[in-house]
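Asks: Give me coordinates for this.
(one chain, ligands or ions: 1)
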Amino acid sequence: MAKKKIAVLISGGGSNLQSLIDRQQAGFFAGEISLVISNNKNAYGLIRAEQNKIPALHISKKDYPTNELYDRKLIELFAEYEIDLIVLAGYLRYVTPELIAKYPNKIINIHPSLLPAFGGQGFYGAKVHQAVYARGAKVSGATVHFVDEGQDTGPIILQQAINLDTKWQPEDIAEKVLRIEHQILPLAVKYFCEDKLTVENNRVYIDL
Ligand code: GRF
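Replies: Modelled structure (predicted):
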């Protein structure tokens, strides 16, 4: 089976990127991270990519000022690098319908809650865990899903939950959930690389 070529899009620290790099190097999935792109030039994830000799690009919204122009540049790069799978790993930009149409069920995202709870407009990063804490939720977790034209609404690939200790603060929840992210994102990538994922009526079937 030919190795899938993976592009990882980031905006920040890149700990999910790092978990993918580590698992790739351990031979956990039949894929190769061929390209890392960040919209934030200061994203530490770019350094992680460079340290692992992965092409790492900062694409600035100053050069591509609209969502459409920005994503057309991404599409150009994905074609140049012959990308099969796009992973959004802490990527905070809007993804346009044009990019989604080019890569149907080939763009996956990691979200730090059990969607559909605590997802959608305004729910990203620490804001998610603050809302979970404020609500007094008893469980939280992470979700890997295919990206569709909604916000955090695409077909769910994997989820993993964790019981919340009432003493935990939002930052404690964030830390526990991030550990789950680092487990389920590489697993979803593994299933994709092995062509084990099919989507029917917005449901993802995993051919185990
Ligand atoms: C993670 O919490 C992820 O769920 C969210 O953004 C954060 C990215 O963290 N999308 P990192 O940059 O992968 O460390």
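Asks: which bits of this protein sit near the ligand?
Replies: Within the chain, the residues that sit near the ligand (C-beta under 6 Å from any ligand atom) are 10, 12-16, 45, 89-90, 110-112, 125, 178, 181. (Each C-beta comes from the backbone N, C-alpha and C, glycine too.)
Asks: Nearest to residue 164 among those?
Replies: Nearest to residue 164 among these, counting by C-beta to C-beta, is residue 112 at 13.1 Å.
Asks: And for that closest one, the neighbour number?
Replies: Using other C-beta atoms under 10 Å, residue 112 has 27 neighbouring residues.
Asks: which residues does it contact?
Replies: Residues in contact with residue 112 (C-beta atoms under 8 Å, 6 or more residues apart in numbering) are 125, 128-129, 140, 142, 174, 177-178, 181.
Asks: I'd like to know which elements the one helix or strand residue 98 maps to is packed against.
Replies: Secondary structure assignment for residue 98, by DSSP states H and E: helix 97-102. Applying 3 or more C-beta pairs under 8 Å, 6 or more residues apart in numbering; DSSP states H and E, one finds that helix 97-102 makes contact with helix 67-80.
Asks: Show me what counts as buried in the helix it packs on.
Replies: Neighbour counts using 16 or more other C-beta atoms under 10 Å place 67, 70-72, 74-75, 77-78 of helix 67-80 among the buried residues.
Asks: Let's have those residues in CSV, adding pLDDT and distance to residue 162.
Replies: Written out in CSV, the entries for the buried residues of helix 67-80 read as follows (pLDDT from 0 to 100; distance: C-beta to C-beta, whole Å):
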residue, pLDDT, distance to residue 162
67, 98, 34
70, 98, 35
71, 98, 34
72, 98, 39
74, 98, 33
75, 98, 37
77, 98, 36
78, 98, 34
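Asks: Just send these back as JSON lines, with distance to residue 191 too.
Replies: Written out in JSON lines, the entries for these read as follows (distance: C-beta to C-beta, whole Å):
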{"residue": "67", "distance to residue 191": "29"}
{"residue": "70", "distance to residue 191": "29"}
{"residue": "71", "distance to residue 191": "26"}
{"residue": "72", "distance to residue 191": "30"}
{"residue": "74", "distance to residue 191": "24"}
{"residue": "75", "distance to residue 191": "25"}
{"residue": "77", "distance to residue 191": "25"}
{"residue": "78", "distance to residue 191": "21"}
